[in-house]
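> Give me a model of this one.
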Amino acid sequence: MADPIVVDNTILSMTAKCSTLAVTRGVLGYTAKEESANLRAGSACHACWATYFRGGTADEALAALAACDDFEVWAGEHVEATDRLAFGNVSRIMRRWIETHPRERLPFVIDADKVEVYFESPLTDEGDIVYCGIMDALGQYNGAYYNIENKTTGRLDQSWLRAQRMSAQISGYHWLAEQYLGAPIAGTFINVQELSRLPSDPSRKCKEHGVAYAECGALHSKAEIGIDSRTPTRLAEWKKTAIHLAKKYRELLRYNDLGMIQKVRMQGTTNNSCRWCAFSEWCYMERDSGYAASNFTYDPWAPRERALARVGGSE
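Presented below is the predicted three-dimensional model:
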């Protein structure tokens with residue numbers, strides 16, 4: 001048997017949205033500036049939470065935020081100071097999260113040795129498709145195990161929260177946690193932080209707090225911890241869909257040269273995925289190779305290798 005294909009939720013999601021996206025990002029390994037900023041900020045926040053969940057102090061957690069892939073330095077060079085993903089803004093937001101979420105008041109008890117757990121497991125009996133991922137943490141509530149899933153978003157509202165009820169990532173990590181523990185889990189706590197630009201005007205007065213926005217800006221940070229679960233039926237359907245998408249992605253692996261991109265289809269134009277895609281401008285330019293060379297950077301998306309690098313592990 002040939003080497004198994006290793007996929008994660010990102011690979012499956014890209015494949016479900018658009019073959020051009022899956023090939024450009026997954027197979028060819030190109031990334032756009034917009035995606036890079038979001039990924040780096042998200043990874044930095046995850047590093048901050050991981051340090052805090054392991055028992056670190058606020059200062060240690062915020063140091064991890066700054067150090068993750070040199071986020072503080074990178075953001076200073078590549079992100080506008082007024083952008084929501086500027087290091088200063090993200091740092092203020094995460095400090096506020098820590099201040100308002102003392103560990104003893106969290107709705108779950110974290111197992112310190114089960115923070116940022118990498119695990120992989122075959123999706124098929126033949127073992128030719130392997131699903132992998134990093135579970136942000138495993139914790140307990142009322143004597144049962146739960147996944148703890150940390151998330152960041154540009155806008156936290158009811159629409160975003162409703163979407164998690166059907167999220168493939170929540171389903172996949174629920175399944176993965178059960179393979180890791182060898183027993184069922186009760187559900188998932190979803191810890192989400194909005195990364196929006198905090199108000200900071202030194203002269204305008206906030207009607208809610210009665211002081212200048214420069215003083216109360218961090219109080220406008222939005223975060224929420226919710227809980228969700230998955231039934232065996234929904235997990236079984238997730239697994240079938242994951243296998244289907246992994247097989248489709250395996251077929252796309254043959255398009256391993258940018259010169260072949262015109263042979264790849266663009267389903268995003270029919271399912272509205274282009275609206276949020278970092279490559280939409282390139283596709284609008286008819287997937288011109290010159291545009292790609294000028295606007296994309298090479299950052300391979302290898303699920304197992306990326307995950308192990310994040311947790312400091314090895315095969």
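
> For this structure, name the helix or strand with the lowest mean pLDDT.
helix 213-216 (a mean of 79; mean pLDDT, DSSP states H and E).

> Show me the shaky parts of this protein.
Along the chain, segments meeting pLDDT under 70 span 1, 313-315.

> Show me the helices in the stretch 201-315 of the chain, by range?
With DSSP state H, counting those that start in this stretch, the ranges of helices along the stretch 201-315 of the chain come out as 213-216, 232-252, 268-271, 280-284, 289-295, 303-311.

> again but with the stretch 1-150 of the chain, I slipped
9-17, 19-21, 33-53, 58-67, 71-78, 87-100.

> Tell me which helix or strand residue 156 sits in.
For residue 156, there is no enclosing helix or strand under DSSP states H and E.

> What residues does residue 271 make contact with?
Residue 271 sits next to 17, 18 when contact means C-beta atoms under 8 Å, 6 or more residues apart in numbering. Any C-beta I mention is one placed from the backbone N, CA and C, and that applies to glycine too.

> one more time with 7 Å, if that's ok
residue 17 (C-beta atoms under 7 Å, 6 or more residues apart in numbering).

> again with residue 218
Going by C-beta under 7 Å, 6+ apart, residue 218 touches 92, 96, 198.

> Now render these as JSON lines, adding neighbour count.
Formatted as JSON lines, those follow (neighbours: other C-beta atoms under 10 Å):
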{"residue": "92", "neighbour count": "17"}
{"residue": "96", "neighbour count": "19"}
{"residue": "198", "neighbour count": "20"}
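
> Nearest to residue 19, out of the helices of the stretch 201-315 of the chain?
Nearest to residue 19, of all the helices of the stretch 201-315 of the chain, is helix 232-252, at 6.0 Å by C-beta to C-beta.

> Just give me the neighbour total for the spatially closest residue to residue 117 that is not a sequence neighbour.
In space, and not counting its chain neighbours, residue 117 is closest to residue 135: 4.7 Å by C-beta to C-beta, 6 or more residues apart in numbering. The local packing of residue 135 (other C-beta atoms under 10 Å) involves 20 other residues.
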